[in-house]
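1. Need the 3D shape of this:
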Amino acid sequence: MSVLVTGSVAIDHIMVFEDHFRNHFVGDKLEKLNVAFHVPAMSKQYGGTGANIAYNLKRLGLDPILLATVGSDLGAYADWLDRHGVRRDHLRVIDDEYTAAAFITTDLSNNQIISFHPGAMDRAHEARIADVKGDYSVGIVSPNGRQAMIDYARDLKARGVHCVFDPGQGLPILDRDSLTSAITGSTVYICNDYEWELTRQTTGLDEDGIAERVGALVITRGEEGSTLRRGGLDLGLDLSSERIEVAPVRAEQALDPTGCGDSYRAGLLFAIAQGLPLEKGVRLGSLMGALKVARRGPQSIDLDHDAIRARYEAEYGEPL
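-> The predicted structure is shown next:
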């Protein structure tokens, strides 16, 4: 069985600001903000949450189905996907739109300022789950156009496959009813600590109220690790504990945080697709995040499945 990955395909323009943002904001002048950051280092990287997750699943030895919309300017990105074995048979080309593009500036504290042009992504709902050919046991709904996220969460659950709901940066475009509906019945709801607070504010639910609607809840906290909690629905997950705190894996170096969350999600999806305990999924996710942060660019892990498996066994003292 494969994994269905839905989410953006985007071209990232990544810049490094060799200072701290906090040194350049005047607290009582924010209503008249006019700030320019000198960024001597810039790279153009291939990214987008959907493509990043699919790339990392390939590193883990799976053959994901990437369902997304792109513009007619995909060009060299298409060649990149082909070279790394990420299938493009379910990418829908929107001829009159650009491929989504992100402009990311990272400071020396790894804080980020991001501008994002959605382009073809806003029409992602035109790439329908009903048109997907091939079998898959789990699908992820990652940041995408608003209607696409709503449709994909509904359709995955209706098909009876595991639905991992991960709205990420797309959270602000979901209102209370649409977010609550998408969460309800999902196999896993996953978010980072900032998105967790936004989730609680938007839905008006506390942790118990959200957990009871899903099979499991995962909250990631970057260098502070992540939390896995058993949910209130029995959706066939293998969980040995009600709640576990997963320590972060120490990275060889911290070069670039862009795409770390997508690498983490690939580890989680791998475990679900392989029928492994979910605890292994969050541990593998932590390892994948550490491997990613030590490399520049969102699609940069160059290890194969055997090498990643060996790193997992060395880190945790157990086989993957």
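
2. so how far is R243 from the residue lying closest to D135 once chain neighbours are set aside?
-> Nearest residue to D135, sequence neighbours excluded (C-beta to C-beta, 6 or more residues apart in numbering): M1, at 5.6 Å. All C-beta atoms are positioned from the backbone trio N, CA, C, and that covers glycine. Distance, M1 to R243, using C-beta to C-beta, to the nearest Å: 28 Å.

3. quick one: secondary structure of the nearest residue in space to D302 that is not next to it in sequence?
-> Leaving aside its sequence neighbours, D302 sits nearest to R295 (C-beta to C-beta, 6+ apart; 7.5 Å). Judged by DSSP: H, G, I helix; E, B strand; the rest coil, the three-state class of R295 is coil.

4. and R295, how far is that from D122?
-> According to C-beta to C-beta, R295 and D122 sit 30 Å apart.

5. re the thing from before, for the residue nearest to D302, give me phi and psi.
-> Note on R295: backbone dihedrals following degrees, to the nearest 10 are phi -130, psi 150.

6. all strands for the stretch 51-200 of the chain, in order.
-> Along the stretch 51-200 of the chain, counting by DSSP state E, counting those that start in this stretch, strands occupy 65-71, 91-94, 100-106, 112-117, 136-141, 162-165, 188-192.

7. could those go into JSON lines alongside mean pLDDT, distance to N56 and mean neighbour count?
-> Below are these laid out as JSON lines (pLDDT from 0 to 100; distance: least, C-beta to C-beta, whole Å; neighbours: other C-beta atoms under 10 Å):
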{"stretch": "strand 65-71", "mean pLDDT": "98", "distance to N56": "12", "mean neighbour count": "25"}
{"stretch": "strand 91-94", "mean pLDDT": "97", "distance to N56": "18", "mean neighbour count": "18"}
{"stretch": "strand 100-106", "mean pLDDT": "89", "distance to N56": "18", "mean neighbour count": "21"}
{"stretch": "strand 112-117", "mean pLDDT": "88", "distance to N56": "20", "mean neighbour count": "14"}
{"stretch": "strand 136-141", "mean pLDDT": "98", "distance to N56": "12", "mean neighbour count": "24"}
{"stretch": "strand 162-165", "mean pLDDT": "98", "distance to N56": "14", "mean neighbour count": "26"}
{"stretch": "strand 188-192", "mean pLDDT": "97", "distance to N56": "15", "mean neighbour count": "24"}
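
8. Output these as a markdown table; include the columns distance to T203.
-> Formatted as a markdown table, the strands of the stretch 51-200 of the chain follow (distance: least, C-beta to C-beta, whole Å):
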| stretch | distance to T203 |
| --- | --- |
| strand 65-71 | 26 |
| strand 91-94 | 31 |
| strand 100-106 | 27 |
| strand 112-117 | 24 |
| strand 136-141 | 16 |
| strand 162-165 | 12 |
| strand 188-192 | 11 |
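
9. and of those, who's closest to I11?
-> With respect to I11, and counting by C-beta to C-beta, the nearest of these is strand 100-106 at 5.0 Å.

10. Wait, I173 touches N144, no?
-> No. Using C-beta atoms under 8 Å, I173 is not in contact with N144, being 9.8 Å away.
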